[in-house]
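Asks: here are the coordinates; sequence isn't available:
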């Protein structure tokens, strides 16, 4: 087996394979959720730009306002996703640190 660093330093003897895989799935799910937020934000932003450019064809300010609202919603969606991603990432790191701390206390006589 390769000697590469893992996020489970010190827990190798306590965790079984299922635990390792569950932790990895949680990390990957967090990243997938963030990518979904980015995809949604980009879609809203591009739709908003399309509506803004349609103003030239329809000569209506309502279409432009709808476009601006979509653009703002896209930007807001991106920042909400970024905030939630960072918050969950910090929570995952906190849980890992607490597990390492508990393991260290159990081993000390």
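Replies: Structure's in. What do you need? Owing to the predicted nature of the structure, the values given are computational and were not obtained by experimental measurement.
Asks: same for the helix or strand hosting residue 38, what does it pack against?
Replies: Here residue 38 sits within helix 17-58, counting by DSSP states H and E. If you count contacts as 3 or more C-beta pairs under 8 Å, 6 or more residues apart in numbering; DSSP states H and E, helix 17-58 packs onto helix 61-107. The C-beta positions use only the backbone N, C-alpha and C, and glycine is treated the same way.
Asks: run the chain-centre distance for the helix holding residue 38.
Replies: Helix 17-58 has its C-alpha centroid displaced from the chain centroid by 9 Å (C-alpha atoms, centre = their mean, to the nearest Å).
Asks: buried ones in stretch 35-44?
Replies: Residues 37, 40, 41, 44 are the ones in stretch 35-44 that count as buried (16 or more other C-beta atoms under 10 Å).
Asks: for the third one, give me its contacts.
Replies: Taking C-beta atoms under 8 Å, 6 or more residues apart in numbering as the definition of contact, the neighbours of residue 41 are 74, 75, 77, 78, 81.
Asks: mind redoing it with 7 Å?
Replies: With contact set as C-beta atoms under 7 Å, 6 or more residues apart in numbering, residue 41 has these partners: 74, 77, 78, 81.
Asks: what's the mean pLDDT across the helix holding residue 38?
Replies: Mean per-residue pLDDT for helix 17-58: 87.
Asks: right, I'll call it a day here.
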